[in-house]
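Trainee: Sequence and computational prediction follow.
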Amino acid sequence: MTGQLLIALTLTVLIELGVLWLLMERRGRVLVLSVVINVLTNVPLNLYVMRVGYSTKVILIGELLVFIVEALWYLIFIRDIKKAVVYSFLCNAVSFLSGLLGTTVCSYWLMN
């Protein structure tokens with residue numbers, strides 16, 4: 001389980017840093033804050049999902065909560081609500097969809 005958490009966290013951090021970079025965010029402080037908030041949200045969400053099961057409802061509610069918490073986190077530090085919401089939404093959407101695609105591809109590959 002620890003290995004799965006570390007892989008999920010690492011991939012999430014790398015993907016979300018990449019999204020911020022594509023959004024032209026170059027402030028080191030914001031990039032470090034992104035890593036911190038991902039540690040604080042990704043690990044608990046994945047532990048919870050592993051414990052209660054991978055249901056669409058659980059994952060969607062969890063992702064919505066993560067989006068809200070991360071948007072508030074960005075807002076506290078960058079003081080721009082539009083940018084905070086865009087950062088949180090795009091970072092989480094891209095990392096979630098990447099994980100979904102990766103899981104789907106791996107499942108298909110393992111079954112064939």
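Mentor: Nice, thanks for sending it over.
Trainee: secondary structure element for Leu110?
Mentor: helix 81-111 (DSSP states H and E).
Trainee: That helix: which residues count as buried?
Mentor: By 16 or more other CB atoms under 10 Å, the buried positions in helix 81-111 come out as 83-85, 87-88, 91-92, 94-96, 98. For the C-beta atoms, the positions are set from N, CA and C on the backbone; glycine is no exception.
Trainee: How about stretch 65-84?
Mentor: Quick answer for stretch 65-84 (16+ other CB under 10 Å): 66-67, 70-71, 73-75, 77-78, 83-84.
Trainee: Can you spell out which helices and strands pack onto the helix holding Leu110?
Mentor: helix 2-22, helix 56-78 (3 or more CB pairs under 8 Å, 6 or more residues apart in numbering; DSSP states H and E).
Trainee: could those helices go into JSON lines alongside mean pLDDT and distance to Val43?
Mentor: Below are the helices and strands packed on helix 81-111 laid out as JSON lines (pLDDT from 0 to 100; distance: least, CB to CB, whole Å):
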{"stretch": "helix 2-22", "mean pLDDT": "94", "distance to Val43": "6"}
{"stretch": "helix 56-78", "mean pLDDT": "95", "distance to Val43": "11"}
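Trainee: Select, out of those helices, the one closest to Ile37.
Mentor: If you check each of these against Ile37 by CB to CB, helix 56-78 wins as the nearest, at 4.6 Å.
Trainee: now that closest one and helix 2-22, what's the angle there?
Mentor: 50 degrees (axes from the mean of the first three to the mean of the last three CA atoms, to 10 degrees).
Trainee: How far does helix 56-78 sit from its chain's centre?
Mentor: On the basis of CA atoms, centre = their mean, to the nearest Å, helix 56-78 sits 9 Å off its chain's mean C-alpha point.
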